[in-house]
Structure formats: C-alpha cells, structure tokens
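*Asks:* For reference, the sequence and a predicted model appear below.
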Amino acid sequence: MRQREEFTVPHHEVDRVIREENQLILDSKIRAITRAYNDGILKIEPDVADTIARRFLDIRKNVSVDDVRAICEESKTPLADLTSLSRVLVNCPFPHDRAVGRRILLAASRAGEPSATIFALAAAMNQGQLHSPELVSVKTQLEKLVRVERNPQAMILTGRIAEREGNLRRALALYEQAIEEALKQGDDATNDRSIEDAGIYGAWIHLGQVKLVLCDRPGATAAFEAGVLANGPLAFAALSDLEDDFSPRWLLYKTKAATSGHARCAYDLGRFYSLSDDKVKDLRKQERAWAKTEAERAAKAPKAWSSILTALAGLSPYQQLSQLSPQERDFFASEWFFIAGTSGHGPGYTAAAHIVCKLGKHWILADIYRSAMWGPDAVDGVVKAELEMMVKRWESIAKP
C-alpha cells in the first residue's frame with residue numbers, strides 16, 4: 001500500500017512569510033497614522049505615535065492609570081491625544097492594530113479622558129456590545145461624567161443607552177438636562193462633531209426623536225427647530241421628514257442637510273429631480289395650498305427664524321423643475337444620487353447607475369462601480385450584486 005506523502009514548508013520559508021506579514025501590518029499602521037497626522041486628525045507626530053502604540057503593546061498586564069500617565073509624560077503627549085490615536089488604530093485593516101487601538105482607548109477612559117469614555121461606549125452601543133465585561137470601568141467613568149462633571153455629551157450618550165433599553169422617559173429627561181447644561185456652560189457641547197461618527201450628536205435631535213415616538217409632534221418640531229438655530233445641519237434632515245414630500249420647506253431643509261453631508265437627504269434630492277412630467281404638474285396644483293399654509297406658519301414663526309423665512313420666500317419646487325430640460329433634471333438627479341452613494345447611502349449608487357445607463361453614458365457607470373466597490377464606505381451585498389449585473393450587461397453590449 002502506497003504511503004501518503006507529507007509536504008512540509010521549510011522553516012526559513014515560514015520565517016520569511018511571518019516577516020513579510022509583520023512588515024505589511026507595520027506599513028499599514030504607519031500609513032494610517034501619517035495620513036491622520038497630515039489631515040490634522042492626529043496631533044501626535046507619526047514616529048511618536050508609533051512608539052506610544054508599541055509601549056501599550058509591551059505592557060503584558062492590564063494597563064493601569066499609572067502606566068497611561070507614564071507614557072504620556074515620556075512622550076510629552078496630552079491624555080486627550082491618546083483618544084485620537086486609538087481611533088486611528090481601531091480603523092486599521094489588521095486585527096492586531098485594532099486590538100492595540102482598543103487597548104489605548106479603554107486605558108485612556110480609565111485615566112479619566114472624557115472623549116475616550118464616550119467614544120468607547122458609543123461604539124459598543126452601536127455594535128451591541130454594551131454588556132462586555134471590559135466596559136465595566138468605562139461605564140463607571142460615564143456615570144461620573146454625568147453625575148459629578150455634568151458633561152452634556154455624556155448625558156446624551158446615557159440618554160441614547162436608555163433609549164435602546166426602552167426607557168424613553170429617562171432618555172427625555174437626560175436630553176433636557178444636556179441642553180440645560182450646555183446652555184449654562186455656554187459652549188457647543190451637545191453638538192460635538194468629533195464623535196458624530198459614533199452616532200452621538202446634538203441633544204436637540206435626540207429630544208425631538210423621542211418626542212415623536214411619544215406622539216408629541218409639536219414638541220418634536222420645536223426641538224428640531226431649536227437644533228437648526230443651534231447650527232445643527234442634522235436638524236434640517238429631521239425637520240424635512242415632518243414636511244410634505246417635495247413641498248417648499250421639504251426642498252429647503254433637504255438641500256441644507258444634503259449640502260452639509262447628510263447622505264439620505266442627498267438621495268431624496270435625487271428623487272426630487274427624477275420626478276416624472278406628470279408628477280411635476282401635480283406640484284403646480286399643490287403650490288396654492290402650500291402657499292396658504294406657509295403664510296400661516298410664517299406669521300407664528302419666532303424672529304430667530306427670519307433667515308429661513310427669507311430663503312422660503314418665492315421658493316417654488318414646480319418652477320425649479322419646470323425650468324430644467326429632461327436632460328438637465330437627469331444630470332442633477334444622477335449627481336445627487338452619486339453624492340448620496342459616496343456619503344454612505346449605498347442605494348444612491350444604483351440609482352445613479354440606472355440614470356447613466358438610460359442616457360447611454362456607460363463610461364460613467366465604470367466610475368460609479370469603482371467608487372462603490374473600493375470607496376471608503378462599504379456598500380451592502382444587494383447594491384454590489386445589482387451594480388455587477390449592470391456592468392456585465394454593459395460589457396456584453398459593448399463587445400463587438
């Protein structure tokens with residue numbers, strides 16, 4: 001009977017593969033740190049940041065508060081900058097770097113760095129990991145931020161957690177406290193853009209959303225309007241959802257939110273410019289009713305709302321569309337859909353692709369495909385499958 005041959009890899013080959021893999025991980029981390037430094041996201045110089053990451057990795061036991069302070073003192077790095085470094089690392093492609101970033105983040109939280117605590121728990125909430133044992137000390141820090149330091153951003157996060165747990169009344173109270181504290185402190189603490197990507201933004205927005213769930217539409221509208229006056233573009237998005245589709249206020253609010261980077265509002269503007277001729281004619285019929293309603297609302301509006309009223313004066317969705325040719329409407333629709341896709345709303349890519357295919361501009365389809373497949377925001381499987389099918393169909397047509 002023939003014996004089975006066993007194949008082994010020489011030790012020097014194993015060592016070479018390990019070295020190459022380690023170098024790849026190192027290069028990826030250095031690139032991410034350098035890019036963040038050049039973009040102004042990270043204040044620590046790249047070589048110092050790499051040294052700090054190595055120091056945290058070298059500590060075999062749990063990182064103590066004394067360890068964190070010693071590293072900060074040695075590297076002459078403020079504690080707050082450790083949070084920025086950790087956030088760069090947790091977004092690296094390799095698990096090794098992400099683990100180091102998480103270690104730095106949790107250690108910075110234990111050392112009393114507020115944004116580390118807030119970001120760590122916000123990320124855990126979004127990932128469904130709030131009950132992880134390693135977050136016990138972080139939750140203690142969050143409670144301290146709320147009760148002792150009266151940190152508005154911590155109140156917002158605690159309210160978000162209460163919302164997730166179904167305790168809407170507690171969430172409502174926390175959002176109101178956050179607003180009160182922010183006004184008392186005289187800063188923009190309830191609208192911290194640095195942690196917006198963790199799903200934590202202005203208390204006015206969350207307050208309005210809870211009031212909507214509690215069937216208090218006037219209260220929700222008032223909260224969203226206050227958010228607008230506090231210079232929160234996301235409040236425009238929330239307000240737009242309370243308006244009739246394609247009405248003057250809907251168009252104004254969607255445009256303001258979309259130009260501030262709100263992906264879904266950009267997609268909705270794509271829908272607006274995609275309206276059929278019959279739908280455009282319907283808008284004309286509705287404008288008289290909208291004008292009457294708008295006059296009544298304007299009479300009751302506060303003085304602070306004057307700039308919005310000025311922007312609304314003479315705004316006609318019907319005129320805006322009817323003055324454009326079908327080709328121009330298609331152009332604006334495809335542009336807004338593409339912006340929605342690149343801002344993280346995947347269906348925007350497919351909507352833009354359908355328009356360019358209808359127009360026979362298949363070369364633009366290739367750009368849409370590349371952006372969707374290899375852009376910074378991953379698209380879901382349904383969007384990928386539809387785009388791949390459209391590209392294959394185009395390739396089959398393009399073949400001689």
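*Replies:* Sure thing, it's come through.
*Asks:* going forward, measure contacts between C-alpha atoms and count neighbours the same way
*Replies:* OK.
*Asks:* give me the element the spatially closest residue to P78 that is not a sequence neighbour is part of.
*Replies:* Leaving out its chain neighbours, the residue that sits closest to P78 by CA to CA, 6 or more residues apart in numbering is C72, at 6.3 Å. C72 is part of helix 65-75, with elements assigned from DSSP states H and E.
*Asks:* how about the closest residue to I71 other than its chain neighbours, secondary structure?
*Replies:* Closest residue to I71 apart from its sequence neighbours, by CA to CA, 6+ apart: I52 at 7.0 Å. Secondary structure, DSSP: H, G, I helix; E, B strand; the rest coil: I52 is helix.
*Asks:* distance of I52 from P326?
*Replies:* I52 sits 57 Å away from P326, going by CA to CA, to the nearest Å.
*Asks:* tell me the helices in the stretch 151-300 of the chain, going along the chain?
*Replies:* For the stretch 151-300 of the chain, applying DSSP state H, counting those that start in this stretch gives helices covering 152-164, 168-185, 203-213, 217-229, 233-240, 248-259, 263-273, 277-300.
*Asks:* Take those helices and lay them out in TSV including distance to L130, mean pLDDT and mean neighbour count.
*Replies:* Output for the helices of the stretch 151-300 of the chain, formatted as TSV (distance: least, CA to CA, whole Å; pLDDT from 0 to 100; neighbours: other CA atoms under 10 Å):
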stretch	distance to L130	mean pLDDT	mean neighbour count
helix 152-164	9	92	24
helix 168-185	17	90	19
helix 203-213	20	91	23
helix 217-229	28	89	20
helix 233-240	26	88	25
helix 248-259	31	94	22
helix 263-273	27	96	25
helix 277-300	43	89	13
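*Asks:* on that earlier part again, so for I52 and P326, which residue has more residues nearby?
*Replies:* I52 (22 against 15; other CA atoms under 10 Å).
*Asks:* distance between stretch 127-137 and the chain's centre?
*Replies:* 22 Å (CA atoms, centre = their mean, to the nearest Å).
*Asks:* in it, what's buried?
*Replies:* For stretch 127-137, a neighbour-count test (16 or more other CA atoms under 10 Å) marks 130, 135 as buried.
*Asks:* about what we covered before: is it possible to get a markdown table of the helices of the stretch 151-300 of the chain that adds distance to K144?
*Replies:* Output for the helices of the stretch 151-300 of the chain, formatted as a markdown table (distance: least, CA to CA, whole Å):
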| stretch | distance to K144 |
| --- | --- |
| helix 152-164 | 9 |
| helix 168-185 | 14 |
| helix 203-213 | 19 |
| helix 217-229 | 27 |
| helix 233-240 | 29 |
| helix 248-259 | 34 |
| helix 263-273 | 35 |
| helix 277-300 | 42 |
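*Asks:* Out of those, which gets nearest to V356?
*Replies:* Ranking these by proximity to V356 (CA to CA) places helix 263-273 first, at 13.1 Å.
*Asks:* Report the angle between that closest one and helix 248-259.
*Replies:* Counting by axes from the mean of the first three to the mean of the last three CA atoms, to 10 degrees, helix 263-273 lies at 130 degrees to helix 248-259.
*Asks:* Which strands or helices does helix 263-273 pack on?
*Replies:* helix 248-259, helix 326-342 (3 or more CA pairs under 8 Å, 6 or more residues apart in numbering; DSSP states H and E).
*Asks:* Would you format those as TSV with distance to A120 included?
*Replies:* Formatted as TSV, the helices and strands packed on helix 263-273 follow (distance: least, CA to CA, whole Å):
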stretch	distance to A120
helix 248-259	27
helix 326-342	26
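*Asks:* out of these, nearest to K211?
*Replies:* helix 248-259 (19.9 Å).
*Asks:* and that closest one, C-alpha only, in PDB?
*Replies:* C-alpha atoms of helix 248-259 as PDB (Å, rounded to 0.1, in the frame of the first residue of the first chain):
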ATOM      1  CA  PRO A 248     -41.000  74.200  -0.400                       C
ATOM      2  CA  ARG A 249     -40.000  73.500   3.200                       C
ATOM      3  CA  TRP A 250     -39.100  69.900   2.300                       C
ATOM      4  CA  LEU A 251     -36.900  71.100  -0.500                       C
ATOM      5  CA  LEU A 252     -35.200  73.800   1.500                       C
ATOM      6  CA  TYR A 253     -34.500  71.500   4.500                       C
ATOM      7  CA  LYS A 254     -33.300  68.600   2.300                       C
ATOM      8  CA  THR A 255     -31.000  70.900   0.400                       C
ATOM      9  CA  LYS A 256     -29.400  72.400   3.600                       C
ATOM     10  CA  ALA A 257     -28.900  69.000   5.100                       C
ATOM     11  CA  ALA A 258     -27.600  67.400   1.900                       C
ATOM     12  CA  THR A 259     -25.100  70.200   1.300                       C
END
